[in-house]
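Peer 1: Using only what follows, build the 3D model:
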Amino acid sequence: SVCVDVGAASDPRELSGLAHFTEHMCFLGSTKYPGENEYKRYLSCHGGSSNASTSMHATTYKFDVLAEHAEGAFDIFSHFFVQPLFTVSGTSREVNAVDSENSKNISTDGRRRLQILKALADPDHYYSKFSTGHKGTLDSTEQQQVPVRDALLAFHKRHYRPCNMVCVMVGPQSLDQLQEWITTRFASIVDHTNSESSQAQNQNTLAMDLIDQAAKDAPNARFQTTSPHQPQPPPSTTTTTATTTTPEINAPSLPFNPAFKPSIQNNQWPILLTTLPIRSMRKILLQFPLPSTQSIPNASPSTLLSHLLGHEGPNSSYAILQDKGWIQSLSSGSRVSDSEQSLFQIDIGLTEEGEGKWKDVIRVLFEHCRLAVGVARRRHELTTRTPDERVGTSELQDDVDALQDLQRIWNEIAKIRSIDFNQTSPGSAYSAAPNIAQAIMRFGIDDCLSAGSLLKNVEDVTTNEEMSDSTNNTSHDAFLRVLEHLVNFTNRLIPENCMVERCSSTAWKEEVERYGDD
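Peer 2: Residues are numbered from 1 along each chain as shown. The predicted structure is shown next:
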């Protein structure tokens, strides 16, 4: 698998879907293997398969094949990055292929709702960009100042450079053998931004200017900054250590830059969004813009919030609402997560009766959020008090007990994830290789396997004596950082920072009856 540090966030708005289009074009032959179908034919003849994907921040290519034919397949694959052809005829045909893919997505509920969500984002934010593309955004017309093929060549030259790529191979061959295959082939990749003559660089100045300007929209989403336009993270947001005993790792942690904010909708949050699904479903989703957790995967407050809000035990939101017969499912976690923002989501599947009680369902969830806010604030205040201030009143003792519960829950999550990490197999090579490549891009080599899986385990340091004992400072400080992040996040779990989506045919009919078909 190869992961390239570029995605739809770097698309020019005049050419939406260019990163995705470049992904398609890379498969259409190379100087050494000019046949457009040679790669797929080789894989199909030797028990293999291939795919690629373009996210907002990365483009990932992958294949698998029978082990004895791995070198032949990898030779063809590697030359997509060494010397791709990008023919004129292939460009025209592949625009149609992207358009066909977009047409298929239009009939998929997830894609439709994603595009509606993007329409609510800040129009100047990279997340609002249309990532797939279609014939209308990519086909060369007189209105376009830059032909799509010129933009394709400029985009590839700007972003498909050795310093922006991670290659991972998984196979039964020896590590030395796999390394030799990679180094001998990828060493031939030329960084054209440094090698071309000034005359060649000036030939497509307009296209390069367009690509360079668009690249500035994208934040630094990788472990180490390599692009000159991307800002270095502040020194205070990262550490130089990357072990399982330290929550932070050396990943970008940029200033909070949410795509979704009340000011975009005239400060009228919470807003209610009603969507009409193609498939039969009854859903309510609560979505809260929150800061990024990319630099703290092993101390992420989203991990604790997801566990608390999605818990299904007695007296949980799930248990209360299910006992009333209003919901079928409830889950929570990050829907969007990058170096500048995250979007925390609570996803509720409603029963037919619950559809009519949707406001009451939301009220229960907001009450749970308010409880989380109060608990996090009081527990954090407790940890910052001096021993003399922790006088043994019943209220303070309740806070101590609750803080111990938070620590216990966190440690239980850490232990469960540790067991999963140590006892679960990595899966097939076809999924392991791209997963590792993407993790290296985000978290670096040292943490690529463990980030988010080996959480910081904290000792119970909640009594007056233990919190004043200097020998417990390391564990106490670690959990204090978790609490600080938790307070910051729970303070944002409020209606004034929430987008509510109702997704059902009944909800749509109600809105049509209220406002009309227009």
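
Peer 1: So in the chain, which strand runs the longest?
Peer 2: Counting by DSSP state E, the longest strand found in the chain is strand 327-337.

Peer 1: Please name the bridge partners of residue 62.
Peer 2: As for beta bridges, residue 62 partners with residue 51 under DSSP bridges.

Peer 1: residues in contact with it?
Peer 2: 1-2, 50-52, 430, 433-434 (CB atoms under 8 Å, 6 or more residues apart in numbering). (Glycine included, C-beta is placed from N, CA and C.)

Peer 1: So how do I select the buried members of the residues you listed in PyMOL?
Peer 2: Buried residues within these, by 16 or more other CB atoms under 10 Å, are selected in PyMOL with:
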select buried, resi 1+2+50+52+430+433+434
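
Peer 1: out of the contacts of residue 62, which one sits closest to residue 409?
Peer 2: Residue 409 has its nearest neighbour among the contacts of residue 62 in residue 434, at 32.4 Å by CB to CB.

Peer 1: okay, the residue nearest to the closest one when sequence neighbours are not counted: pLDDT?
Peer 2: Among residues not flanking residue 434 along the chain, residue 1 sits closest, at 4.1 Å (CB to CB, 6 or more residues apart in numbering). The per-residue pLDDT reported for residue 1 equals 97.

Peer 1: From residue 159, how far off is residue 1?
Peer 2: Going from residue 1 to residue 159 by CB to CB, to the nearest Å gives 17 Å.

Peer 1: Then residue 135?
Peer 2: 23 Å.

Peer 1: between these two, which one's more packed in?
Peer 2: residue 159 (22 against 14; other CB atoms under 10 Å).

Peer 1: what sits against the more buried one?
Peer 2: Counting by CB under 8 Å, 6+ apart, residue 159 touches 4-6, 10, 211, 215.

Peer 1: now swap in residue 118 and tell me
Peer 2: Residues in contact with residue 118 (CB under 8 Å, 6+ apart) are 127-130.

Peer 1: Most neighbours out of these, which is it?
Peer 2: Result: residue 129 is most packed of those (other CB under 10 Å), 25 neighbours.

Peer 1: So that one is in contact with residue 11, correct?
Peer 2: Yes. Under the criterion of CB atoms under 8 Å, residue 129 makes contact with residue 11 at 5.4 Å.

Peer 1: quick revisit: tell me which residues of the longest strand of the chain are tucked away?
Peer 2: Result for strand 327-337 [16+ other CB under 10 Å]: buried residues 327, 330, 332-337.

Peer 1: likewise stretch 485-497?
Peer 2: Within stretch 485-497, judged by 16+ other CB under 10 Å, the buried ones are 485-487, 489-490, 492-493, 497.

Peer 1: could you dump the residues you listed to TSV with secondary structure?
Peer 2: Shown next, in TSV, are the buried residues of stretch 485-497 (DSSP: H, G, I helix; E, B strand; the rest coil):
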residue	secondary structure
485	helix
486	helix
487	helix
489	helix
490	helix
492	coil
493	coil
497	helix
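
Peer 1: list the contacts for residue 448?
Peer 2: Listed by CB under 8 Å, 6+ apart, the contact set of residue 448 reads 436, 439-440.

Peer 1: burial of the nearest residue to it once chain neighbours are set aside, as a residue count?
Peer 2: Once flanking residues are discounted, residue 448 sits nearest to residue 439: 4.0 Å by CB to CB, 6+ apart. Residue 439: 22 surrounding residues under other CB under 10 Å.

Peer 1: Using the three-state scheme, assign residue 439.
Peer 2: The three-state assignment at residue 439 reads helix, by three-state DSSP.

Peer 1: mind checking how far it is from residue 168?
Peer 2: Plainly put, residue 439 is 9 Å away from residue 168 if you go by CB to CB.

Peer 1: Check residue 115 too.
Peer 2: According to CB to CB, residue 115 and residue 168 sit 31 Å apart.

Peer 1: Neighbour count: these two, which is higher?
Peer 2: More neighbours surround residue 168 than the other of residue 115 and residue 168, with 21 against 14 (other CB under 10 Å).

Peer 1: The more buried one touches residue 1, doesn't it?
Peer 2: Yes. When contacts are counted by CB under 8 Å, residue 168 is listed as touching residue 1 (5.2 Å).

Peer 1: where do the contact lists of those two overlap?
Peer 2: Common contact partners of residue 168 and residue 1 (CB under 8 Å, 6+ apart): 433-434, 436-437.

Peer 1: With respect to residue 307, which of those residues is nearest?
Peer 2: Taking CB to CB as the measure, residue 307 lies nearest residue 436 of those, at 25.9 Å.

Peer 1: if I pick that closest one, what's in contact with it?
Peer 2: 1, 168, 170, 448-449.
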